[in-house]
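In: sharing a model that was predicted from the sequence below.
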Amino acid sequence: MLVALIAIGCLALIFGAILGYAALRFKVEADPLVDQIDDILPQTQCGQCGYPGCRPYAEAIANGDAINKCPPGGEAAIKKLADLMGVAATPLDGAQTPAVKRVAYIREDECIGCTKCIQACPVDAIVGASKLMHTVLIDECTGCDLCVEPCPVNCIDMVPLPGTVERWKWNLEAIPVRVVESNLANSNVVESN
Amino acid sequence: MSFRIASSPHNHSQQHTCVLMQKVILACLPGIACQVYFFGYGVLLQLVLAILTAWASEALVLRLRQKPVLPRLKDHSAMLTAVLLAVSIPAFAPWWVIVLGTAFAIIIVKQLYGGLGHNLFNPAMAAYVFLLVSFPQQMTSWLPPLTLQAQQQQWLDPVCAVFTDFSCAGYSLTQLKTDIDGMTMATPLDTIKTDLSTGKTLTESLQQPVFDSFGGLGWNYINLAFLLGGLWLWQQKVIQWRIPVAVLGTLGLCSLLGYLIDPDLHASPLFHLLSGGTMLAAFFIATDPVSASTTLRGRLYYGALIGLLIYLIRSFGGFPDAVAFAVMLANLAVPLIDYYSRPRTYGHKPKGSF
Amino acid sequence: MQSLFQQIKAGQLWDFHGGIHPPARKQQTSQKPIGRLSLPDRLYVPLRQHIGVPGSLLVAVGQQVLKGQPLTLADNAMAVPVHAPTSGTVLAIEPHIAPHPSALPELCVVIAPDGLEQWRERQPLNLAECDRLSLLQRIQDAGIAGMGGAGFPTHLKTGAANGVDYLIINAVECEPYISADDVLMQEFATTIVKGIDILCELSGPKAVLIGIEDDKPGAIAAMQAACSQREQYLVKTVPAKYPSGGEKQLIQLLTSKEVPAGRRPLDIGIVMQNVGTVFAIAQAVLEDMPLISRIVTVVGDSLTQPQNVLALIGTPVGYLLDACGFSPEPAQRIIMGGPMMGFTLPSVSVPVVKTSNCILAPSQAELPSANNEMDCIRCGACAEVCPAVLLPQQLLWYSKAKDLDKLKEYHLADCIECGACAYVCPSEIPLVHYYRVAKAEIREQSRDELKAEQAKARFEARNERLEQDKQQRAARNQALALQRQQLMAEQHKGREIEQAQQRVDATAEPVQELSKEQIIALREQKKAEARAYQAQKTAQQSTADTVEVVEAPQVADAPEVAGNSVSSEAVATATAPETAADPRAAAVAAAIARAKAKKAQTESVEVPVAAPPVTAALVTTEPVLDTRAAAVAAAIARAKAKKAQAEPAAVAVAATNPAPAPEANATDAAAVSDNDREAVKRQALAAAIARAQAKRQQANTEAAMDAHAALSDERPATAPDIVAGPLATANTAAVNAITAAEDHIPAVDPRKAAIAAAIARAKAKQQLSATDPKDQA
């Protein structure tokens, strides 16, 4: 009886040691969780999640915050976060995310050059100087909305990104089919809606 | 005038799903005709019952799923399932067997998995297994071919048997199965299995009246008829050669191997190929696109797996015929086969799949 | 074992996986001669008709252009110019519906032909004399981009292809209906061969393989005849199968080689050119005829005269259709390109471009479209015909599920969108459409990822910059605090003096209980002192006034002057306790101080100009603020000096500047006068300290000036930090923001600067004109 106990105990110790060694020896260096989460978040730095930027939210998620607070990331980001965190994908919290991508646009005639939007922009996507007109770099704008509120004269609009041939996503239904009068005599093409 | 916007290609081969299904059903006709010739028109009765049940259950589920009913019924997939199930069960099986089986096939196996194209198992075979496990007695009540039956089959006998379990003269199915010598007759495969288990050699077993010069009496012609239909399907490009060839080739090879080792214990390849549901399985059931493998290489594996399983179950398993089990087991393996038999895409280096 | 080259020479062909055989229907146009059309009313020439960037515009609205005159300038390797297809007037340069599946508008030059067909000057090149570079330049200048459909700039393709193994001329034209290349070869085989000569000159291939499908006997015969003199030009007849005209498929057919995924044919020593492109090259080099027209197959059952026409680039599709007898049916489809890969047009005003090889107007009976989509039954017919050996049904599954990772795993990127899968699909699933959507999604995703990465970098750079600013501010504050501590220490010494003085006072205390005579004497003395002081004071006042007036234009010095005057006063008062240590003298001094305080009060009310001294005096009573105040004063002075330079009305400013001060000072002074003698004495003492400090002040002001200079040096120093970030564009903003802050700098302290800026912003918000921030300061 005693021998058996000792034997089992020794075996347990040996295997424990092997396991422990293996855990150290073959440790997989994974990205820290926060980095992985941060990679999934869209980096708009918009703060709509209630945190001042994507990384703080990533840290919050790692500490157990809800994964559905990122409107710019949308359902896709939630799905990935759910996969990563091993939780159920929940629908987006609060307002619906706009279906189309938007960028800030400053109505330049009305801009008074107060630099408030410049200070608000988390990604330095607004250029301008004090008392001079500001303008948004469309390519850098993440559409986070943060510059709209501080503007004292409300001259910033969020406008849908203009469609280009490169960004077109094959939504054939959206193509307006024009009613066309075809005139055989002189092929004069008249367009109307 | 307004123009229509569409995505390319603007052209279509006009080979539609419903046409494919129709052709498969048409190709079943020689086999069905053979069955009628050998077992009486009870087969047709089963067919009608099965088709009606299939339509009804399909329509019911589609209604419940709030999908358009008529267009889906028109694809003939439900009818095909019904036909395949009807030709697999005994002609004199009670009516509720086929009704239950068809309803199970359509509602549980097909629609609950998402309808056409989404079912994991072949509906007809899954229903067959369900019936075989649930009602073994009814499902094995194959009568011997008409020529061997002791009681002359009466005109209304199939109707009576199907709906009342007794022939018009009041004989039970067991009585009908008994021959003049008072011996209960079974299908050729069953007979061999029973005989081998009682210590008889194959040669002795083959002396029984249910056997013909090649294969089981009646069954050999039925199989040949299904082979004919299958070849027509292949010629029509409804099915590809890979699965039938793999099924038949593997089954033939395995049985040849067994036959060469000990002809007294193992039936000949010819017997295996022309018995039971071999041809039906190879050309009509294994080729069901939904539950079969989709890659070209995978189809060879899939067919070979079915052939191997048929042989193994027939030779060493508990059931006389094995088509349904073999197909279902192979269905289970399809996702795995598909994953590991992905073709090498143009311009990509071959990678060790396995 | 033969080498690959020998096998090819021997006429061996290979095969590619899959492929389909749709009805070709080429006969109705391939046997007819090429139709020539009259000029249309308008030509819409899109600025970009190729893959790459459009050139920069060379013409203006209203300008007359000659035929072949370049409309854009290729100022970039990826740019290809476009040319005026005929002579005429530029009517407009505006967005016009583009020949693209999206039908989004793109910038076009609209030309009204004048019917004269007047050519610009043409300079054909002599092939024997010109070098590689000039040939390539000519190809680019002629605006030639791949005419097979993709529109890749030809000069780039050819320029990169030096010393290739095989030059393949793609004349397969596997799409049904299209016969543009077929008739081109039938009519212009010799020109095409000359074009091949030019390409050989540029690329130097081992062999030229001309791939033609076997359903074009006329073209094969013409090309064979034209190539009979050239031994290494091999006309290869390939069996008709769609899509054998695909670049990768044709390479596999002719050479058995596969282009590795994500690579170009060039990487395996092959370059492929469309036969139409070759023809255009020949024309550009030998006749100096830029790419201004092309052969277009206009076909379909909705046309009465289907034929191939020579269409000018920019001709609206409707013009071509009408020329071929267009009688549309309801819900007519107009397809640009072939039935397999073409796209439908929403309007017939879409112009023909360099890549348009066919305009198809089929009837519904002729080309029944797949529109009854059903569930996939996994029949695998698509996998059997896929020329890229993909698994279309799996791709469909993942496309529907938007599983982009799986799509990549199943090599969606290798799909050539040939449409063979959708053609054979019994469930009529528009597979290619799903793939295109998924591909667009993947492109979008990778763009988003890139953008997110950039945004993250920018965000982090910004945070870093802000952090640096913060640290710098903290360091500065620390330095200032240190300074203040030193001051405090000195102040502490001062306080010790004060305490000592208090002790002196304590000893002087009994003096106040002196005899009446003594008190009277004291009063007398005081009165005398007061009179004397009064006289002195008025004298001083007059000088101070004159000083003030004289110094007005240079107000910068005013505070100092004021400070001096204070110190001079202080000298007058403070010397008393020092020299006359006896209690009586102390009492006298206190009286004087009291009187002075009263005087100061009245004067400060009456003469605002005199206020600065008071302010200065007050400031000196708060030693903690000393250096800062000095700095403030200096800054104000500096700002004033600036102001004075800008505005001649400096005196007014100087007058307004102290205006708010008297009120506060007056109360302070009142409080002072209400104090008992002790306090007054202390005040006097403080004045003494003030004197000492005033001395120090001069030094400090200098130091403060230096410090300020250093400070303002530091400010721009932040700018390079930003430059270091990836935000070169935002630099200007940041720098400007800094300069903006600098404008508000009167308060030298960064906090004050921030406050000032904030106030300024608030003002700006009220849309008042930005006023002198010193008012607030």
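Out: Yep, that arrived.

In: in chain B, what residue comes closest to chain C?
Out: For chain B and chain C, the shortest gap (Cβ to the nearest Cβ) falls at B:Pro9, measuring 3.3 Å. For glycine as for every other residue, the C-beta is placed from the backbone atoms N, C-alpha and C.

In: which residues does B:Ala322 contact?
Out: B:Gly276, B:Leu309, B:Ile310, B:Tyr311, B:Leu312, B:Ile313, B:Arg314 (Cβ atoms under 8 Å, 6 or more residues apart in numbering or on different chains).

In: which one (most neighbours) among these?
Out: B:Ile310 (32 neighbours; other Cβ atoms under 10 Å in any protein chain shown).

In: pretty sure it sits against B:Ala326.
Out: Yes - using Cβ atoms under 8 Å, B:Ile310 makes contact with B:Ala326 at a distance of 4.6 Å.

In: can you work out which residues contact both of the two?
Out: With Cβ under 8 Å, 6+ apart, B:Ile310 and B:Ala326 have common neighbours B:Ala281.

In: which residues does B:Leu202 contact?
Out: Shown in contact with B:Leu202 (Cβ under 8 Å, 6+ apart): B:Ile192, B:Asp195, B:Leu196, B:Pro263, B:Asp264, B:Leu265, B:His266, B:Ala267.

In: got a pLDDT number for it?
Out: The model reports B:Leu202 with a pLDDT of 75.

In: now do A:Ala120
Out: At A:Ala120, pLDDT is 86.

In: roughly how far apart are it and chain C?
Out: Counting by Cβ to the nearest Cβ, to the nearest Å, the gap between A:Ala120 and chain C amounts to 11 Å.

In: for A:Leu13, same thing?
Out: 44 Å.

In: tell me which element that residue is part of?
Out: Assigning secondary structure by DSSP states H and E places A:Leu13 in helix A:2-25.

In: which residue sits closest to the residue of chain B closest to chain C, ignoring its sequence neighbours?
Out: C:Gly419 (3.3 Å; Cβ to Cβ, 6 or more residues apart in numbering or on different chains).

In: residues contacting the one you found?
Out: B:Ser8, B:Pro9, B:Asn11, C:Met340, C:Met341, C:Val432.

In: show me what contacts the fourth one?
Out: Okay, so that is C:Met340. So C:Met340 contacts B:8-11, C:22, C:175-176, C:242-243, C:418-420, C:423 (Cβ under 8 Å, 6+ apart).

In: which one of those is nearest to chain A?
Out: For these, the nearest to chain A is B:Ser8 (10.5 Å; Cβ to the nearest Cβ).

In: what's near enough to touch the closest one?
Out: C:Ile335, C:Gly337, C:Pro339, C:Met340, C:Met341, C:Gly342, C:Phe343, C:Glu417, C:Gly419, C:Ala422, C:Val432 are the contacts of B:Ser8 under Cβ under 8 Å, 6+ apart.

In: lowest confidence element among the helices and strands of chain B?
Out: None of the helices or strands of chain B scores lower by mean pLDDT, DSSP states H and E than helix B:173-177, at a mean of 67.

In: likewise for chain A?
Out: Per mean pLDDT, DSSP H and E, bottom of the list for chain A is strand A:190-192, a mean of 34.

In: follow-up on the earlier one: the contacts of B:Leu202, buried ones only, as a PyMOL selection?
Out: Per 16 or more other Cβ atoms under 10 Å in any protein chain shown, the buried members of those correspond to this PyMOL selection:
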select buried, chain B and resi 192+195+196+266+267
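
In: would you list the contacts of B:Leu202 in JSON lines and tack on distance to C:Ile34?
Out: What follows is the contacts of B:Leu202, written out as JSON lines (distance: Cβ to Cβ, whole Å):
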{"residue": "B:Ile192", "distance to C:Ile34": "76"}
{"residue": "B:Asp195", "distance to C:Ile34": "81"}
{"residue": "B:Leu196", "distance to C:Ile34": "80"}
{"residue": "B:Pro263", "distance to C:Ile34": "76"}
{"residue": "B:Asp264", "distance to C:Ile34": "80"}
{"residue": "B:Leu265", "distance to C:Ile34": "78"}
{"residue": "B:His266", "distance to C:Ile34": "73"}
{"residue": "B:Ala267", "distance to C:Ile34": "72"}
